[in-house]
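[1] I would like to see how this sequence folds:
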Amino acid sequence: MKIFSKKYTILGITLIVSSFVLMSFYPIDGYESTGITRLLRLQRIQQDSTQKLDLPIGAQLPLNCINLQLTSVEDSITTILKEDEEFSAKIKQVVPSGNYSVTVLDMSDPNNLKYAAHKESLGYQPGSVGKLTVITALFMQLHNICPQSWEARKALLKNKKVRAGDWALYDHHTIPDYDIENDRQVKRKVKADDVFTLYEWADHMMSVSNNGAASVVWREALLMAAFGDEYEYITEEDADEYFKNTPRKELTLLANSIVNDPLRKLGITKDEWRLGSFFTSGANKYVGDIGGSIGTPVGLMKYLVQLEQGKVVDSSSSLEIKRLMYMTDRRIRYAYAQEIRDAAVYFKSGSLYSCDRSNGKSCGEYAGNVYNYMNSVAIIEHPNGKKYMVCLMTNVLRKNSAWDHMVLASKIDQVINPKKKETSS
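    From the prediction side, this is the model:
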């Protein structure tokens with residue numbers, strides 16, 4: 001287990017920003033269309049009869065099997081997120097007491113959606129779940145540059161290469177670096193001199209939750225907003241000159257706007273979900289913070305529903321974001337539940353905890369005693385047609401909540417996809 005940590009000690013209190021990694025996303029057969037090199041490694045293993053791809057069935061879907069589930073639903077988000085009393089009662093029965101907030105939408109039958117909510121409007125620090133706003137900003141700016149051509153947007157993602165620079169520093173998270181010619185992959189930290197395509201930076205941000213990659217993707221979305229049609233042709237020197245000559249306040253306002261405005265267009269209020277700061281201290285040398293970050297289960301659910309409707313930017317962007325959320329490697333936290341092993345899982349998780357070791361109370365990794373946020377958003381699609389979405393946010397002190405998230409995932413799945421009981425003759 002590896003984490004990214006920013007530590008600040010104030011009067012004996014240590015704050016830890018953390019995010020669990022060792023996850024990989026995007027369908028394995030996506031290398032040709034994206035150029036994401038780690039996918040080629042997985043594809044080679046999959047096609048080699050002498051090797052075994054140790055992944056659950058649900059992680060091996062091809063591109064053409066990943067679809068948006070609610071494109072036929074024209075109801076408003078307000079109508080969709082109206083609690084079904086019977087379903088909600090069943091969900092609430094399995095939610096532990098304490099600082100647990102959750103929303104669940106059963107979308108097995110798009111004509112009969114069932115919504116449940118428990119403390120859904122309480123605000124939590126979203127941690128790496130906030131990277132969903134960054135990927136949305138990227139696709140929004142791509143749309144602004146090439147509104148008529150999805151293929152042109154894909155080509156820019158695949159072909160535009162950018163250097164990390166100090167924006168990507170500092171981050172403890174490793175990234176997979178695959179050498180195609182020598183068929184060798186290493187996992188290492190991001191370096192300032194790293195050069196990857198936009199697609200690969202986006203994948204590093206989503207698949208291993210790399211904070212440096214998140215800052216790079218956000219930076220590039222900011223440059224798209226600033227340069228418009230000229231973005232494709234700007235050099236690193238052009239970008240450096242822009243950041244040098246643009247007032248910090250102007251940069252801060254634009255950076256904040258491009259990640260938060262798309263949420264407002266989806267009817268998600270600033271108190272339901274917002275992102276206020278970059279993910280690395282290197283980026284903070286150029287851009288300031290505004291308003292802090294917050295997330296709520298209802299805000300996150302509004303996003304997921306409209307993603308499945310194809311309304312996050314547009315249908316092509318929504319589908320591509322969903323592909324980037326698709327888990328194709330080791331499953332953790334909520335996604336670790338055995339009940340969903342054979343299901344396709346689209347997932348993002350994040351956490352943040354704070355330790356005060358001066359008060360004598362126990363504290364450890366993912367077990368903060370001041371606050372201990374852990375959040376999971378998941379889309380679950382079983383082979384039998386049972387499909388649902390969950391947004392879970394918790395703040396349980398002095399306890400690693402990963403196990404509790406997994407247990408709750410099992411219980412929620414049993415409500416929606418009950419297993420048949422064996423009977424003896």
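
[2] Going by C-alpha atoms from here, please, whenever you check contacts or count neighbours.
    OK.

[3] Please, where are all the strands along the stretch 51-200 of the chain?
    With DSSP state E, counting those that start in this stretch as the criterion, the stretch 51-200 of the chain has strands at 100-106, 114-118, 161-163, 174-179, 184-189, 195-197.

[4] what's the fourth one packed up against?
    By that I understand strand 174-179. Packing contacts for strand 174-179, counted by 3 or more Cα pairs under 8 Å, 6 or more residues apart in numbering; DSSP states H and E, involve helix 37-47, strand 184-189.

[5] Let's have the ones you listed in a markdown table, adding mean pLDDT.
    Below are these laid out as a markdown table (pLDDT from 0 to 100):
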| stretch | mean pLDDT |
| --- | --- |
| helix 37-47 | 90 |
| strand 184-189 | 94 |
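
[6] Export the ones you listed as JSON lines, with columns for mean neighbour count and distance to Tyr366.
    Below are those laid out as JSON lines (neighbours: other Cα atoms under 10 Å; distance: least, Cα to Cα, whole Å):
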{"stretch": "helix 37-47", "mean neighbour count": "17", "distance to Tyr366": "29"}
{"stretch": "strand 184-189", "mean neighbour count": "13", "distance to Tyr366": "21"}
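
[7] a markdown table for the ones you listed, including distance to Gly299?
    Shown next, in a markdown table, are these (distance: least, Cα to Cα, whole Å):
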| stretch | distance to Gly299 |
| --- | --- |
| helix 37-47 | 32 |
| strand 184-189 | 32 |
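
[8] returning to what we had before: please work out which of the strands of the stretch 51-200 of the chain is packed deepest.
    Of those, the one with the most neighbours on average (mean count of other Cα atoms under 10 Å) is strand 100-106, at a mean of 25.

[9] Give me the most central residue, the protein.
    Geometric centre of the chain, nearest residue: Lys348, 3.7 Å, by Cα atoms, centre = their mean.

[10] Correct me if wrong: that residue contacts Met325.
    Yes: contact criterion Cα atoms under 8 Å: Lys348 and Met325 qualify, at 6.7 Å.

[11] Overlap in contacts, these two.
    Residues touching both Lys348 and Met325 (Cα atoms under 8 Å, 6 or more residues apart in numbering) are Met206.

[12] what's around Leu319, how many residues?
    Using other Cα atoms under 10 Å, Leu319 has 20 other residues around it.

[13] Name the nearest residue to it, sequence neighbours excluded.
    What sits nearest to Leu319 in space, not counting adjacent residues and going by Cα to Cα, 6 or more residues apart in numbering, is Leu68, at 6.3 Å.

[14] confidence score at that neighbour?
    At Leu68, the model reports a pLDDT of 98.

[15] Ramachandran angles for it?
    phi -80, psi 140 (degrees, to the nearest 10).

[16] rewinding a little: just send the strands of the stretch 51-200 of the chain back as JSON lines, with distance to Glu85 too.
    Formatted as JSON lines, the strands of the stretch 51-200 of the chain follow (distance: least, Cα to Cα, whole Å):
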{"stretch": "strand 100-106", "distance to Glu85": "13"}
{"stretch": "strand 114-118", "distance to Glu85": "8"}
{"stretch": "strand 161-163", "distance to Glu85": "50"}
{"stretch": "strand 174-179", "distance to Glu85": "44"}
{"stretch": "strand 184-189", "distance to Glu85": "47"}
{"stretch": "strand 195-197", "distance to Glu85": "47"}
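
[17] list the contacts for Gly368?
    Tyr353, Ser354, Cys355, Asp356, Leu397, Arg398, Lys399.
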